[in-house]
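*Asks:* coordinates only, sequence not included:
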């Protein structure tokens, strides 16, 4: 996987992140952010496609994969999307990228949302895969949503309840959760799946990922509320799974239009793990959107 990519650890803002990257001289930078309970390996096909036209950086988020898993605190700010977003900004700065595109899935897309709010000058445009805004998803929770996204409500339980249960058989938990969200199928490349399962077998990863969700239901929502009427000003493309929880339980386009000035999007006939099911299709949609919102050459570092 990731032929032509360099692997290295780069210091963020309080956590050092494992990254895979492919530098294309003179091309605009693009950071790709993964979701739960995965790693940067989810971009193993989209990343090389995008690297034909962009300088691509694929980090493991703090708490995931081979990145640092800092000790959390009582209010979960260590795993707030604000803290995770700062990691990404610092990593990109250290690579010489002051402004960049973002492609993000699941939890990574929630990090991207906060990054674009806190650091709007850093973001040229972004594509978010299969999410609606976190606060609104909690506010509009229904029995159907709770049934489909049961893990949202399980993982936020007080430590060590979910950690203990998951820790009994993390591999089986991972497969049950993710294969179920993929319509009962296994859409994952064997090498990527092996990386996911190895990473998730670490008790520190299990705890950190629970903290990620606990932060979402507490401090992240507080940060959203503190924003008041602040809106995202960067162009956003939303792509969601037609038959997944986002498509069934929410109106994602309308919800994002409440939070952002420039939103476009569409449903696709794929599951939650669309970047691994149809990487060519997702990469094509991402590329077309980014090129339409072209970066000023002077902004390319």
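*Replies:* Structure's in. What do you need? Fair warning: this is a prediction, and the values are worked out from it, not measured in the lab. Numbering: from 1, shown residues only.
*Asks:* helix, strand or coil for residue 48?
*Replies:* The assignment at residue 48 comes out as helix when based on DSSP: H, G, I helix; E, B strand; the rest coil.
*Asks:* Look up the pLDDT of it for me, please.
*Replies:* pLDDT recorded at residue 48 is 98.
*Asks:* pretty sure it contacts residue 2?
*Replies:* Yes. The pair residue 48 and residue 2 passes the contact test of Cβ atoms under 8 Å, sitting 6.7 Å apart. Any C-beta I mention is one placed from the backbone N, CA and C, and that applies to glycine too.
*Asks:* Hmm, residue 47 and residue 3 touching each other?
*Replies:* No. At 10.0 Å, residue 3 does not count as touching residue 47 under the criterion of Cβ under 8 Å.
*Asks:* Could I get the phi/psi values of the residue nearest to residue 149 when sequence neighbours are not counted?
*Replies:* Nearest residue to residue 149, sequence neighbours excluded (Cβ to Cβ, 6 or more residues apart in numbering): residue 245, at 5.0 Å. Dihedral pair for residue 245: phi -60, psi -40, per degrees, to the nearest 10.
*Asks:* Let me know whether residue 245 touches residue 147 as I believe.
*Replies:* No. In this structure residue 245 lies outside contact range of residue 147 using Cβ under 8 Å: 9.1 Å.
*Asks:* Which one of those two is surrounded by more residues?
*Replies:* Taking neighbours as other Cβ atoms under 10 Å, residue 245 and residue 147 compare with residue 245 leading, 22 against 10.
*Asks:* For the more buried one, give me its contacts.
*Replies:* 145, 148, 149, 272 (Cβ atoms under 8 Å, 6 or more residues apart in numbering).
*Asks:* Just give me the neighbour total for the first one.
*Replies:* Right, the one you point to is residue 145. 19.
*Asks:* do the last one as well
*Replies:* By the criterion of other Cβ under 10 Å, residue 272 has 27 neighbours.
*Asks:* Give me the phi and psi for it.
*Replies:* Residue 272 adopts backbone torsions of phi -60, psi -30, taken as degrees, to the nearest 10.
*Asks:* What separation do you get for it and residue 42?
*Replies:* 11 Å (Cβ to Cβ, to the nearest Å).
*Asks:* where exactly do the helices run in the stretch 51-200 of the chain?
*Replies:* 81-94, 107-118, 134-139, 143-148, 150-154, 161-167, 170-181, 190-200 (DSSP state H, counting those that start in this stretch).
*Asks:* Counting by contacts, list what the longest one packs against.
*Replies:* Taking 3 or more Cβ pairs under 8 Å, 6 or more residues apart in numbering; DSSP states H and E as contact, the helices and strands that helix 81-94 lies on are strand 6-11, strand 16-22, strand 29-33, strand 55-59, helix 107-118, helix 203-217, helix 219-226.
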